[in-house]
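**Q** quick one, structure for this:
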Amino acid sequence: MRQIDLGRTGIKVSQLCLGTMTWGTQNSEAEGHAQMDMALEAGVNFWDTAEMYPVNPVSKETAGRTESIIGTWFATRGGRDRVVLASKIAGGGQTAIRDGIVPSASVLRQAVEGSLQRLQTDWIDLYQIHWPARKHYHFRDNWAYDPRPNDRAQTEALMLDVLQEGAKLIAEGKIRALALSNETVWGAAKWLALADQHGLPRMASVQNEYSLLCRQFDTDWSEFSVMEEMPLLAFSPLACGILSGKYQGDVIPQGSRRSLNPLLTGRMTPRTLPAAQAYLDIAARHELNPCQMAIAFTQTRPFATIPIVGATSLAQLAVNIAPITLSDEVLREIAVAHKAHPQPY
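**A** Predicted coordinates:
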């Protein structure tokens, strides 16, 4: 597996990242351990988790369980230095995590300490703010996005507070780099400006949704990512399994994510399955696995992209971590399909 630079951090990571959010609900501890074994054997040494995981559903009873499963893998397998580990602090408003309190300096430290304990490690390589502590347009909130309730002075004061505490945690060796997730271009620019102004750590990357069906990143974010060397960690590159084709015909396979979340957090609309079919047809014409095609597409973009690939079975994971190269003809057909189905959800 090819190793690439993680922005300006000096950290090298695999060109694919292992997603873990199903471990502890859809996947058992043993299954999570088996996925980690397979990923590392294939050279996927970059793993992403969060204090909120597992999802489907998120609950107080299960929050942190995914980190604990990773922690028992470290305890039994050893070799923490073989893995570049990313985790996240919940962004506030999620009642399953600290009753929804917004992250501040003290909350950041509390969250890091909790994650370190569950992960059974002394450090986290990349620590991300899971979502902003203000209005944003992610998770289908773009349809009614209104930034006006945001208080700029309060927002900037909170950002500075978090950056200052993050600098202390980096100095203590508890984290190596800070990063963003589900962030906007203005938000990312402000984080960087405050860091430069006060001599604080720079946000290293951003983890936003990106796939053949969700391409909000292609315009302003694309330019920002390139100019500021802030790579995209692309979550849901298979659009929660939609791009695998398993939901075509509007079916809900037993044990699938859709069996737990029928609308897939707003991704299932009248436009979704026709859009997915356009890409499935391209894969079929070129004798490609549709999952591999969708993941490979994210790595053809003009901005640095590391897709986060997850699975609920070893067979799925084996497919998803097998890299392929897309031909120019496939990419041309994908561009045509995108214009025909520009924003299905």
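
**Q** tell me the buried residues in the helix or strand of the chain with the lowest mean pLDDT?
**A** Least confident helix or strand of the chain, by mean pLDDT, DSSP states H and E, is helix 257-260 with a mean of 95. Residues of helix 257-260 classed as buried: 257-258 (neighbour count, 16 or more other C-beta atoms under 10 Å). To be clear about C-beta, it is placed using only N, CA and C from the backbone, and glycine gets the same treatment.

**Q** quick one: residues contacting the residue sitting furthest away from the middle of the chain.
**A** Farthest-out residue of the chain from its mean C-alpha position, per C-alpha atoms, centre = their mean: Arg285, at 29.9 Å. Residues in contact with Arg285 (C-beta atoms under 8 Å, 6 or more residues apart in numbering) are Glu333.

**Q** now the element after the least confident helix or strand of the chain, going C-ward?
**A** Using DSSP states H and E, the next helix or strand after helix 257-260 towards the C-terminus is helix 272-285.

**Q** what packs against the lengthiest helix in the chain?
**A** Of all segments of type helix in the chain, defined using DSSP state H, the longest is helix 152-171. Here helix 152-171 touches helix 105-119, strand 124-129, strand 175-181, helix 185-198, going by 3 or more C-beta pairs under 8 Å, 6 or more residues apart in numbering; DSSP states H and E.

**Q** would JSON lines of those with mean neighbour count be doable?
**A** Shown next, in JSON lines, are these (neighbours: other C-beta atoms under 10 Å):
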{"stretch": "helix 105-119", "mean neighbour count": "18"}
{"stretch": "strand 124-129", "mean neighbour count": "25"}
{"stretch": "strand 175-181", "mean neighbour count": "24"}
{"stretch": "helix 185-198", "mean neighbour count": "16"}
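
**Q** can you redo those as JSON lines with mean pLDDT?
**A** Converted to JSON lines, those look like this (pLDDT from 0 to 100):
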{"stretch": "helix 105-119", "mean pLDDT": "98"}
{"stretch": "strand 124-129", "mean pLDDT": "99"}
{"stretch": "strand 175-181", "mean pLDDT": "98"}
{"stretch": "helix 185-198", "mean pLDDT": "98"}
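
**Q** that's a strand at Leu85, yeah?
**A** Yes: the assignment for Leu85 is a strand, going by DSSP: H, G, I helix; E, B strand; the rest coil.

**Q** report the beta-bridge partners for it.
**A** The partner list for Leu85 in beta bridges (DSSP bridges) reads Trp47.
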